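**Q** any chance you could fold what I've pasted below:
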Amino acid sequence: MSSLAQILLRASHLIQLEIPYAEGFFKYSPETLLSLHLLPRLTSLRLGGVWAATAEAFSRVTSPLSYLSLAFQKDVSDGAFSLRRVSNTLVCLCVDNWKSRYIENSECPGVQSLHIACNRIDDMAVIVGVFPNISSFTLETSGSLWCTEQIQALRRTNQAAIRNLPNKWAFLDRLSGSVLAIYASGLECRVHELDIRWINPAESTQVQELLEDLRPQSFRAKVSLGDLTYQDLVDTLVPSCAQLASTCRSLAIKVHCNNSKMEASEVLECLMSQLQQIPLRSLELHFQWRRPFDQTVQALQVLDPNALASEFAHRISGLQVITISLEEEGRFGNIKRKECTMTVSL
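**A** Got it, this is the predicted structure:
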């Protein structure tokens with residue numbers, strides 16, 4: 001009997017379990033598979049390296065799981081995996097290498113938080129149907145490998161399928177992920193907080209459509225400047241800020257300045273001039289860069305976050321709280337950070 005099996009057989013009070021490479025345990029140790037079924041109080045389970053043996057083992061679990069995280073290493077055959085035994089207790093589900101057939105003919109009305117990573121999202125209606133009461137949804141895909149035509153086709157397909165559902169998501173507290181993944185999903189429900197990774201100025205058109213459809217009250221964006229020029233940044237921000245002006249009251253932007261050709265002063269001036277259009281109440285700006293030094297890095301090092309916060313507060317009417325964070329990552333991973341949070345007196 002394996003050591004893990006012996007431990008689990010004596011762990012009837014265990015409530016959390018994580019096995020980074022589960023397939024090795026379940027494939028070569030039947031005792032471990034059996035012991036997993038004898039954990040009556042287990043509420044949190046995280047399994048990595050999931051394949052055939054692990055999928056079969058999990059499908060027999062009867063523990064009252066509220067949190068489940070699965071990272072599929074390889075595809076599993078039809079019928080080998082099922083959520084049915086935990087569908088009534090599950091609240092949070094995270095799946096890496098997602099396939100929609102893993103959940104077909106299932107229903108998980110209690111799941112409120114869903115995190116999916118997949119190669120492409122062409123089954124959004126299945127997800128909405130199986131998880132009707134989601135409040136927080138994160139979607140990550142390898143969308144950088146798609147062409148524009150494929151993304152548009154996926155969006156149209158998903159939108160048409162979702163619109164035909166009798167019950168669909170009307171509102172999400174939080175929607176997060178990459179721009180292309182969320183765009184391709186075809187979601188059109190209202191969103192309180194939209195949190196995106198925005199790494200390509202060519203995605204600005206998709207961002208504008210998302211902002212128009214979802215109308216978020218809070219918008220968070222992680223922007224990688226890379227080789228962007230000042231004009232690229234203006235062309236990207238201006239239309240998006242115009243979309244934000246009608247609904248957004250909270251904005252957070254994290255800017256990666258690595259390899260940027262722009263001066264820090266240019267980036268800041270662009271942000272100040274464009275954000276004046278939005279009746280913001282809360283603003284967070286995080287600048288992050290790495291060595292070796294370039295002009296942007298040298299300029300950022302001498303910036304004063306307190307002075308910047310005061311300037312933004314002066315330029316943006318109605319702003320109540322502002323946070324400015326400047327962060328440098330050294331060659332050995334050490335972090336130097338300067339930060340200021342200011343409450344504005346109205």
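**Q** now do the helices in the stretch 1-150 of the chain.
**A** 3-9, 22-28, 30-36, 52-58, 124-130, 148-163 (DSSP state H, counting those that start in this stretch).
**Q** can you list the buried residues in the first one?
**A** Translated: helix 3-9. The neighbour-count check on helix 3-9 (16 or more other CB atoms under 10 Å) flags Leu4, Ala5, Leu8 as buried. In this view, the C-beta of every residue, glycine as well, is placed from N, C-alpha and C.
**Q** can you list contacts of that helix?
**A** When contacts are defined by CB atoms under 8 Å, 6 or more residues apart in numbering, helix 3-9 is touched by residues Leu14, Leu17, Ile19, Phe25, Ser29, Glu31, Thr32, Leu34, Ser35, Leu36, Leu38, Leu39.
**Q** hmm, which of those are the buried ones?
**A** Looks like those have Leu14, Leu17, Ile19, Phe25, Ser29, Thr32, Ser35, Leu36, Leu39 buried, using 16+ other CB under 10 Å.
**Q** just put the contacts of helix 3-9 in TSV and tack on pLDDT.
**A** Output for those, formatted as TSV (pLDDT from 0 to 100):
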residue	pLDDT
Leu14	90
Leu17	90
Ile19	87
Phe25	75
Ser29	72
Glu31	71
Thr32	72
Leu34	68
Ser35	75
Leu36	76
Leu38	78
Leu39	85
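**Q** farthest-apart pair in those residues, please.
**A** The span of the contacts of helix 3-9, defined through CB to CB, is set by Leu14 and Ser29 at 17.4 Å.
**Q** show me where the stretch 101-250 of the chain has strands.
**A** Under the criterion DSSP state E, counting those that start in this stretch, the stretch 101-250 of the chain contains strands at 113-118, 136-141, 171-178, 190-198, 218-224, 250-256.
**Q** can I get the ones you listed in a markdown table including distance to Phe287?
**A** Output for these, formatted as a markdown table (distance: least, CB to CB, whole Å):
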| stretch | distance to Phe287 |
| --- | --- |
| strand 113-118 | 27 |
| strand 136-141 | 24 |
| strand 171-178 | 21 |
| strand 190-198 | 15 |
| strand 218-224 | 10 |
| strand 250-256 | 5 |
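**Q** any chance of the ones you listed in TSV, with mean pLDDT too?
**A** Below are the strands of the stretch 101-250 of the chain laid out as TSV (pLDDT from 0 to 100):
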stretch	mean pLDDT
strand 113-118	94
strand 136-141	93
strand 171-178	95
strand 190-198	91
strand 218-224	85
strand 250-256	85
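**Q** which one of the contacts of helix 3-9 sits closest to Ile278?
**A** Leu17 (45.5 Å).
**Q** the closest one touches Arg41, doesn't it?
**A** No: taking contacts as CB atoms under 8 Å, Leu17 lies outside contact range of Arg41: 10.7 Å.
**Q** quick one on the thing from earlier: which of the buried residues of helix 3-9 lies closest to Glu266?
**A** In terms of CB to CB, no member of those lies closer to Glu266 than Leu4, at 56.0 Å.
**Q** do you know how far that closest one is from Tyr21?
**A** Distance, Leu4 to Tyr21, by CB to CB, to the nearest Å: 11 Å.
**Q** still on that earlier bit, for the buried residues of helix 3-9, which one is nearest Phe287?
**A** Leu4 (45.2 Å).
**Q** one step back: just name the most buried of the helices of the stretch 1-150 of the chain.
**A** Greatest average neighbour count among these goes to helix 52-58 (a mean of 22), per mean count of other CB atoms under 10 Å.
**Q** on that earlier part again, and the contacts of helix 3-9 as TSV, adding distance to Ser310?
**A** Output for the contacts of helix 3-9, formatted as TSV (distance: CB to CB, whole Å):
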residue	distance to Ser310
Leu14	53
Leu17	50
Ile19	51
Phe25	57
Ser29	62
Glu31	65
Thr32	60
Leu34	64
Ser35	61
Leu36	57
Leu38	61
Leu39	56
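**Q** out of those, which one sits closest to Lys99?
**A** Ile19 (20.9 Å).
**Q** run a quick neighbour tally on the spatially closest residue to the closest one that is not a sequence neighbour.
**A** Nearest non-adjacent residue to Ile19, counting by CB to CB, 6 or more residues apart in numbering: Leu47, 5.5 Å away. The number of residues packed around Leu47, counting by other CB atoms under 10 Å, is 24.
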